[in-house]
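K.L.:
Starting from these lines, generate the structure:
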Amino acid sequence: MGRPLSGVPRARLTAFIDTSEQVETKIRAFDCHKTQAKDTRRILDRPGYREFARQETYVLARTRLPGLPLPEDDLLAGIQSE
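P.N.:
As a prediction, this is how the structure comes out:
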């Protein structure tokens, strides 16, 4: 906690997605994994988890989109259906 995508330097992160409206849904989803209840409680009981869960971070592995502005805040921006 306290740093996004553990082990990845912040400079390599290419997308920061606001998930603040989904925090409670994410927490309810943890409860769907009963076999992982011990780990779930450990994560959810950490101070600051709700604040931490307000943002998802990603690293772009590859793109075919020319001139993609980074960092992204929408993973589907610029993608067109065929």
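
K.L.:
show me what contacts residue 31?
P.N.:
Residues in contact with residue 31 (Cβ atoms under 8 Å, 6 or more residues apart in numbering) are residue 40. (Each C-beta comes from the backbone N, C-alpha and C, glycine too.)

K.L.:
And it, how far from residue 25?
P.N.:
11 Å (Cβ to Cβ, to the nearest Å).

K.L.:
Are there helices or strands packed against the lowest-mean-pLDDT helix or strand in the chain, and which ones?
P.N.:
Counting by mean pLDDT, DSSP states H and E, the weakest-scoring helix or strand in the chain turns out to be helix 37-44, with a mean of 83. Counting contacts by 3 or more Cβ pairs under 8 Å, 6 or more residues apart in numbering; DSSP states H and E, helix 37-44 packs against helix 23-30.

K.L.:
Contacts for the helix it packs on, please.
P.N.:
19, 36, 40, 43-44, 50, 53-54.

K.L.:
sorry, back to before: the least confident helix or strand of the chain vs helix 23-30, what angle?
P.N.:
Angle, helix 37-44 to helix 23-30, by axes from the mean of the first three to the mean of the last three Cα atoms, to 10 degrees: 160 degrees.
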